[in-house]
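Engineer: Just need the structure, nothing else, for what follows:
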Amino acid sequence: MLIRKIEVFLRHTRMPATKFGRLAARDPRLVLDLRKGRTPRPAMEERVEHFMNEYRETPHAFH
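Structural biologist: Here you go, the predicted model:
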């Protein structure tokens, strides 16, 4: 489930949910809406997964 992956990512990176939404999907409410039950489309899931993978590969990740 995407929201679980995002929650783990947020804990590890200490990134605020709104910042994650802005960076991953240009939607600061993304995580808040997912927590409330919003179901993302497949393209959005791919975009968010790609963002998390790219972020992890950069030197600033997990600081």
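Engineer: Can you show me the helices along the chain?
Structural biologist: 2-13, 17-25, 30-35, 42-57 (DSSP state H).
Engineer: Mind listing residues that contact the first one?
Structural biologist: If you take C-beta atoms under 8 Å, 6 or more residues apart in numbering as the criterion, helix 2-13 is touched by 15-17, 20, 31, 34-35, 40, 45, 48-49, 52, 55, 61-62. The way it works is simple: take the backbone N, C-alpha and C, and place the C-beta from them, glycine included.
Engineer: what do you get for stretch 36-52?
Structural biologist: In contact with stretch 36-52 (C-beta under 8 Å, 6+ apart) are residues 2, 5, 6, 9, 23, 24, 25, 30, 34.
Engineer: Give me the ChimeraX select line for those residues, limited to the buried ones.
Structural biologist: Typed into ChimeraX, the next command selects the buried ones out of these (criterion: 16 or more other C-beta atoms under 10 Å):
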select :2,6,9,24,25,30,34
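Engineer: before we move on, the earlier item: in TSV, list the helices of the chain along with mean pLDDT.
Structural biologist: Shown next, in TSV, are the helices of the chain (pLDDT from 0 to 100):
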stretch	mean pLDDT
helix 2-13	97
helix 17-25	98
helix 30-35	98
helix 42-57	96
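Engineer: Now the buried members of the contacts of helix 2-13.
Structural biologist: Here, 16+ other C-beta under 10 Å leaves 15, 17, 20, 31, 34, 40, 48, 52, 55 buried among these.
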